[in-house]
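> Quick one: sequence and predicted model below, then my questions.
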Amino acid sequence: MKISLNNIGQVYDGKKVLSEISFDVNAGEFITLIGPSGCGKSTIFKIITGLEKNYTGTVLINGIDLEKYQGKLAYMPQNDLLMDWRTLYKNAVLPMEIEKINKKTADEKVRKLLPEFKLLGEENKYPYELSGGMKKRAALLRTFLVDTDIMLLDEPFGALDAITRSEMQEFLLEVCEKHKHTVLFITHDIDEAVYLSDRIIVLGKNPAVIKGELEIKLPKPRNTEVLLEREFLEYKKRIMELLV
Ligand SMILES: Nc1ncnc2c1ncn2[C@@H]1O[C@H](COP(=O)(O)OP(=O)(O)OP(=O)(O)O)[C@@H](O)[C@H]1O
Ligand SMILES: [Mg+2]
């Protein structure tokens, strides 16, 4: 088990935001959390990454209690991705700079991933010179550089146009397949959830409880043709029913 949440609760200003949240993420799985805005999805990520400490319940990472866990997690937060005053390259190496990883090693790691993330030749540009899709790929590249196999992605493709978003989804499926990462993903988009996931956890609001869980049995690797298949639409319908 890569991540295990047991009976997680969170209260903010006397208001219960999360209640009795329990689920496990197995190695290599792609799991999506979906639920209404403000229901507590990002809070779950903040708890898992150790940014939020006042929760109740227990979190295990690789079987180790979060409070004792020394390893790393790759986390792409919902907002603000890149530093405007640093080039794409400088943004990508930042986490390694902070960890004082040897410059040459960091450089090799970034350069190796640039072509895979379709950013070769763009590395000296500043964020304002990049398209929305490039910025998202740069932030993802930086997330992939963290030395771990566990990734938490909080709405990484929000605010992208439909075509770029669809390209990014296909791209993410490919890189995850290749790198064999375990991914916990957040989205509002039902199509995106079904297309990418092995399992989907549907959350309700006030407080967020788990309303249902679906295993997506569509074979992988997937391509966009699957979006029109009857099975795909049935999964979508099931999620919509759980969300209302
Ligand atoms: N540090 C905090 N202090 C007080 N309240 C908070 C804090 N962080 C989050 N909240 C509240 O907790 C609730 C859940 O917030 P959270 O960001 O987890 O929602 P979300 O499901 O990620 O929403 P969205 O889909 O809009 O990103 C909201 O009502 C929010 O106002
Ligand atoms: Mg959020």
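Good, I have the coordinates. Numbers count the residues shown, from 1 in each chain. Ligands and ions are numbered 1, 2, ... in the order given.
> so what pLDDT did residue 80 get?
Each residue has a pLDDT score; the one for residue 80 is 61.
> Residue 165 now?
For residue 165, the pLDDT comes out at 87.
> neighbours of the nearest residue to residue 239 once chain neighbours are set aside, just the number please.
Spatially, and ignoring its direct neighbours in sequence, residue 239 is nearest to residue 190 (5.2 Å; Cβ to Cβ, 6 or more residues apart in numbering). To be clear about C-beta, it is placed using only N, CA and C from the backbone, and glycine gets the same treatment. Number of residues near residue 190 (other Cβ atoms under 10 Å) recorded here: 19.
> ok, now how distant is residue 190 from residue 217?
Computed as Cβ to Cβ, to the nearest Å, the residue 190 to residue 217 distance reads 17 Å.
> The residue nearest to residue 239 contacts residue 238, doesn't it?
No - assessed by Cβ atoms under 8 Å, residue 190 is found out of contact with residue 238, at 9.8 Å.
> Please name the residues that touch the residue nearest to residue 239.
Contacts for residue 190 (Cβ atoms under 8 Å, 6 or more residues apart in numbering) come out as 34, 236, 239-240.
> Out of those, list just those in helices.
236, 239-240 (DSSP state H).
> Now those in a markdown table, please, with extra columns for neighbour count, pLDDT and distance to residue 127.
Output for the ones in helices among the contacts of residue 190, formatted as a markdown table (neighbours: other Cβ atoms under 10 Å; pLDDT from 0 to 100; distance: Cβ to Cβ, whole Å):
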| residue | neighbour count | pLDDT | distance to residue 127 |
| --- | --- | --- | --- |
| 236 | 15 | 97 | 34 |
| 239 | 20 | 97 | 34 |
| 240 | 11 | 96 | 36 |
